[in-house]
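1. Build the 3D model from these lines:
(one chain, ligands or ions: 1)
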Amino acid sequence: MLRARILATGSYLPENIVTNQDLENIVDTTDDWITDRTGIKERRIVSDGQAASDLAFEASLAALKKAQLKPKDIDLIIVATVTGDMPFPSTACLLQAKLGAKNAAAFDLGAACSGFIYGLHVANGLIRSGMHQRVLVVGAEVLSKFTDWQDRSTCILFGDGAGAVILEPTKEKHGIWSTHIYSDGNLSDLIMLPGGGSHAACSRETILKRLHLIKMKGNETFKVAVRTLEELASDTLEKNNLDPAQLSLLIPHQANLRIIQATAKRLGMPMEKVFLNIQKYGNTSAASVPIALDEAVDAGRVKDGDYILLEAFGGGLTWASALLRW
Ligand code: COA
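-> Numbers count the residues shown, from 1 in each chain. This next block holds a predicted model:
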């Protein structure tokens, strides 16, 4: 059976570090509160002039280097982002130009924090059908530019970054075994960026009402995320006839340490088998899973034949998982 496998991974994090202590100087919060409630200690923030396509470019170059491929070898680029450079052209097209990937079609995919796994789902389908051969899937976000730095309940959570993978077809058992994507638009008001689109086009009023910045009902989102992810992880293993004990590594979306712990507990997985970097980067939305995957590969946490579960939850609402055999 033809399936897609991950040939190489790459990631890029901006250099600027913003610690919890730095945030204590901006809003009424403490390092202890942020650490206890989220697990986050610091996050990366872009420099002036750095946009999503710049982060995507660096992550893609890293993946191409590891794959020993040239940009012209890629025939499709999917960029998962909700903080792209501009409404159009797509960030994927801007990335295509930066890379010089002249043989690639390119489009953006918007599924918030689940976007990267949605991208894997699409790429996997296109590769399985034989329509594409080498697909670059990137998660790239610059949430800092859409964060309300006066809102202590959200500004402590987010960070910037990008992660990338290159997929190619394989007939071997290694690769993407299954992907699962879901949504519930009835809960769209839990996390949203209401202004700047055709619903409330950018105006003096939208800016005064701060509609161009992220709004989130944190506590409600938290509860839905825990419930949904626990079920998603178990279902994904069941659909692949796998027992949680057979899983070598869980790579969850890095949104909140307590959400991650709840998912691991439900699966009966020890935290040693869960990859965490939330303490360093916070929630980087669609970039979080590919950054974590790249770091797990580089740290030698992913070995030949391992079963790995990726999962994410985000605005939309959307949620998604992927079961990989490395
Ligand atoms: N520092 C100190 N106090 C803060 C604070 C901060 N940064 N942010 C909120 N608080 C206060 C609130 O004002 C509230 O005070 P009150 O009881 O006097 O009203 C109190 O802390 C509790 O707020 P609550 O929102 O119930 O906290 P929580 O335990 O739910 O934690 C989040 C808040 C945002 C950390 C948590 O809800 C969360 O992580 N939610 C999921 C978010 C998420 O993952 N979103 C993305 C999904 S992809």
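
2. Is residue 97 located within a helix, as I assumed?
-> Yes - using DSSP: H, G, I helix; E, B strand; the rest coil, the assignment for residue 97 is a helix.

3. how many other residues sit next to it?
-> 13 (other Cβ atoms under 10 Å). No exception for glycine: its C-beta is placed from N, CA and C like everyone else's.

4. what's the nearest residue to residue 188 if we skip its chain neighbours?
-> residue 316 (6.5 Å; Cβ to Cβ, 6 or more residues apart in numbering).

5. a strand runs through that neighbour, doesn't it?
-> No - looking at residue 316 with three-state DSSP, it is coil, so not inside a strand.

6. That one and residue 224, how far apart?
-> 11 Å (Cβ to Cβ, to the nearest Å).

7. Which neighbours do the two have in common?
-> In terms of Cβ atoms under 8 Å, 6 or more residues apart in numbering, residue 316 and residue 224 are both contacted by the residues residue 187.

8. Name all residues that make contact with the residue nearest in space to the middle of the chain.
-> Nearest to the geometric centre of the chain sits residue 286, at 2.5 Å (Cα atoms, centre = their mean). Neighbour list for residue 286: 80-82, 111-116, 119, 139-141, 314 [criterion: Cβ under 8 Å, 6+ apart].

9. What is the three-state secondary structure of residue 85?
-> Classification of residue 85 using three-state DSSP returns coil.

10. that older thread, same drill for residue 316 and residue 224, tell me which one is more crowded.
-> Using other Cβ under 10 Å as the criterion, residue 316 and residue 224 rank with residue 316 on top: 23 against 16.

11. quick one: that one from the ligand, how far?
-> Residue 316 sits 10 Å away from the ligand, going by Cβ to the nearest ligand atom, to the nearest Å.

12. what's the average pLDDT for the helix ranked longest in the chain?
-> Longest helix of the chain, by residue count under DSSP state H: helix 218-239. For helix 218-239, the mean pLDDT works out to 94.

13. rewinding a little: could you tell me the per-residue confidence at the residue nearest to the centre of the chain?
-> On the pLDDT scale, residue 286 is placed at 98.

14. The stretch 1-150 of the chain: strands as residue ranges?
-> If DSSP state E, counting those that start in this stretch is used as the criterion, the strands of the stretch 1-150 of the chain fall at 3-12, 16-19, 42-45, 76-80, 105-109, 135-142.

15. could these be laid out in CSV, adding mean pLDDT?
-> CSV is the format used below for these (pLDDT from 0 to 100):
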stretch, mean pLDDT
strand 3-12, 97
strand 16-19, 98
strand 42-45, 98
strand 76-80, 98
strand 105-109, 98
strand 135-142, 98
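
16. got those strands as JSON lines, with distance to the ligand columns?
-> What follows is the strands of the stretch 1-150 of the chain, written out as JSON lines (distance: least, Cβ to the nearest ligand atom, whole Å):
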{"stretch": "strand 3-12", "distance to the ligand": "19"}
{"stretch": "strand 16-19", "distance to the ligand": "14"}
{"stretch": "strand 42-45", "distance to the ligand": "13"}
{"stretch": "strand 76-80", "distance to the ligand": "13"}
{"stretch": "strand 105-109", "distance to the ligand": "16"}
{"stretch": "strand 135-142", "distance to the ligand": "11"}
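
17. Out of those, which one sits most buried?
-> strand 135-142 (a mean of 33; mean count of other Cβ atoms under 10 Å).

18. Now do it and strand 3-12, the angle between them.
-> Angle of strand 135-142 versus strand 3-12, following axes from the mean of the first three to the mean of the last three Cα atoms, to 10 degrees, is 30 degrees.

19. ok, strand 135-142: who's next to it in the sheet?
-> The strands that strand 135-142 pairs with in its sheet are strand 76-80 (parallel), strand 160-170 (antiparallel) (by DSSP bridges).

20. Next, count neighbours for the residue in the stretch 151-300 of the chain that the ligand sits nearest to.
-> Residue nearest to the ligand within the stretch 151-300 of the chain (Cβ to the nearest ligand atom): residue 218, separated by 3.0 Å. By other Cβ under 10 Å, the residues close to residue 218 number 15.
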